[in-house]
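A.B. asks: heads up, no residue letters with this:
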């Protein structure tokens, strides 16, 4: 082959290799661009899909309980908090802040940042306190109602040695002996105290109200024959009822309660507007975003009705309700008005 031929072959051979190399680089660049595009798209998709999940798992919700550890509200908060943490992802912390007739906790949460991460378990005291003392919250405007969680039914009981077999017999004797029979509850200025004053009015009787620092002391007084009747949480009289030491004359709910199917309600006996229950709900600070409140309502409603939660509450005499948002707000307003009227009529004073 001539030198020219060899040179030509060299030149063309070099050009062909370069073209192959350039093609390979272009393919690699294209693959890299496609891969980068795919990776970016995947990252965006994961971010969009997982943003809410990540936000929930990194979120901490604080549930403030206005009462000491071990009570019904504390047990409720811990059961629901545990379920919500497992089911929804956020860390849930329960903080007990007793004092001031529960007002310390109510006021603290009313002032909290309205981001849905600070909540309070409320009891009837949320609407009773403002009628009795100066408080730095308004039960109707300082909060976003989330859910009315559960109720604790009350019962009217007498000593098993008492002559009263029915509520009617107790009322008849009270009318025959005005100002002589005694009616005890935890108190004063409690839901049960209000319940006694309300009962005195609907039944048209004059009995002496006797306050005790707790349900247990009131029951001790009844067993000792120091008072004639007690209005108390079912959970506080359950053991004595089962032992036959006390007799239930009526429940104070609108209808009979499941543990006492043979015991009529006061309303059933002709006093239709009589309804006394201890009730617990959960509130967020006012101006918490509506979508956040709705999310919390879904979480708490699901938790209170969860198969692993409901039976544990029922054993304690606590009955799930699960009424949320506007319906719960209406309940708060109704009870605020009702308690205010009874407190004024009975001239009940705060401690």
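C.D. replies: Nice, thanks for sending it over. Treat the numbers as computed from the prediction; the structure is a model and nothing was measured.
A.B. asks: Now residue 128: closest residue in space that isn't a chain neighbour?
C.D. replies: residue 339 (5.4 Å; CB to CB, 6 or more residues apart in numbering). (Each C-beta comes from the backbone N, C-alpha and C, glycine too.)
A.B. asks: How about the secondary structure of the one you found?
C.D. replies: At residue 339 the chain is in helix, as set by DSSP: H, G, I helix; E, B strand; the rest coil.
A.B. asks: And for the one 5 residues further on?
C.D. replies: Following three-state DSSP, the label given to residue 344 is helix.
A.B. asks: for it, what are its contacts?
C.D. replies: residue 131 (CB atoms under 8 Å, 6 or more residues apart in numbering).
A.B. asks: Distance of it relative to residue 132?
C.D. replies: Taking CB to CB, to the nearest Å as the measure, residue 344 and residue 132 are separated by 11 Å.
A.B. asks: how does this protein divide up, domain by domain?
C.D. replies: 1-58, 62-151+277-346, 160-251 (automatic domain parsing).
A.B. asks: Any chance of those in a markdown table with mean pLDDT and distance to residue 267 as columns?
C.D. replies: Formatted as a markdown table, these follow (pLDDT from 0 to 100; distance: least, CB to CB, whole Å):
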| stretch | mean pLDDT | distance to residue 267 |
| --- | --- | --- |
| domain 1-58 | 49 | 43 |
| domain 62-151+277-346 | 95 | 12 |
| domain 160-251 | 95 | 9 |
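A.B. asks: Could you save those domains as TSV and add columns showing distance to residue 270?
C.D. replies: Output for those, formatted as TSV (distance: least, CB to CB, whole Å):
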stretch	distance to residue 270
domain 1-58	51
domain 62-151+277-346	19
domain 160-251	9
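A.B. asks: Quick check: which of those is nearest to residue 265?
C.D. replies: Each of the domains of the chain has some distance to residue 265 by CB to CB; the shortest is domain 160-251, at 4.9 Å.
A.B. asks: quick check, distance from that closest one to the centre of its chain.
C.D. replies: 28 Å (CA atoms, centre = their mean, to the nearest Å).
A.B. asks: now do the same end-to-end measure for it.
C.D. replies: In domain 160-251, first residue to last residue: 16 Å (CA to CA, to the nearest Å).
A.B. asks: picking that back up, out of the domains of the chain, the one nearest residue 264 is which?
C.D. replies: domain 160-251 (5.7 Å).
A.B. asks: Before I go, just wanted to say thanks for your time.
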